[in-house]
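Novice: here you go, sequence then predicted model.
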Amino acid sequence: MYAVDQLDAVVKLTNVPQSSIGAPCPMLLAGEHYLHLAYYLQNTPSGWDGSTVRVLEDSSGNEPCALVEFKQAYAHMFGPPNDEAFEGHPLASRGLNPYGAFEISRCSWLRFLERINSVHPYHKAERFAGYKHFVFSFHDTTFECIARGFDVSLHRGSVASVLRLARSEV
């Protein structure tokens, strides 16, 4: 994790499809030059009375899924906190909450990464301009990354099959 200072500001992203509240089953496909995130979308059947539960796994098929392709990803983290421990996240008091997608403006993490890189003999601070900090918070995990942007596409299948599709295109 990283420490935040007074500059970090949380902005909710409204152009990202809502993940499943109960079982988004997020999965990553990551390499040095690519980063993809897949998750199940919120899908409440019409007429559902709340008395039954559908259990999803990352291989459950024919479900609505989102595939997020990050552009020029620089760094990422995937893990805690979950929704029950979210108050422990350093940005929770600034509006970051579970079950959403966010951009962190003036982010400490990016400034920290730029300082780390400053020892490189060819370091140029301006190379870090245009990078953004994104946070996708789910039921059991939180995903954060530094990238130049992202594209979202919608699919049907399992998160595993959606990532296999992304892998075939890498």
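Specialist: All right, it came through fine.

Novice: any idea which element the most centrally placed residue in the chain lies in?
Specialist: Geometric centre of the chain, nearest residue: residue 136, 3.3 Å, by Cα atoms, centre = their mean. Assessed by DSSP states H and E, residue 136 sits inside strand 132-137.

Novice: what's in contact with that strand?
Specialist: Under the contact criterion Cβ atoms under 8 Å, 6 or more residues apart in numbering, strand 132-137 has outside partners 10, 13, 16, 19, 26, 37, 39, 68, 70, 83, 86, 91, 96-104, 107, 109-110, 142-150. Heads up, the C-betas are built off the backbone N, CA and C, glycines and all.

Novice: now residue 98. Nearest residue, chain neighbours left out?
Specialist: Among residues not flanking residue 98 along the chain, residue 83 sits closest, at 3.9 Å (Cβ to Cβ, 6 or more residues apart in numbering).

Novice: is it true that residue 76 touches residue 113?
Specialist: No - look at residue 76 against residue 113 with Cβ atoms under 8 Å: they stay out of range, at 11.5 Å.

Novice: quick check: neighbours shared by these two?
Specialist: residue 146.

Novice: residue boundaries of the strands in this structure?
Specialist: 9-12, 27-31, 34-40, 63-71, 75-79, 100-105, 132-137, 142-147, 149-157 (DSSP state E).

Novice: now render those as a markdown table, adding distance to residue 169 and mean pLDDT.
Specialist: Formatted as a markdown table, the strands of the chain follow (distance: least, Cβ to Cβ, whole Å; pLDDT from 0 to 100):
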| stretch | distance to residue 169 | mean pLDDT |
| --- | --- | --- |
| strand 9-12 | 29 | 97 |
| strand 27-31 | 10 | 96 |
| strand 34-40 | 9 | 96 |
| strand 63-71 | 9 | 96 |
| strand 75-79 | 19 | 97 |
| strand 100-105 | 22 | 97 |
| strand 132-137 | 21 | 98 |
| strand 142-147 | 17 | 98 |
| strand 149-157 | 11 | 96 |
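
Novice: which of the ones you listed sits closest to residue 125?
Specialist: Checking these against residue 125 by Cβ to Cβ gives strand 142-147 as the closest, at 14.7 Å.
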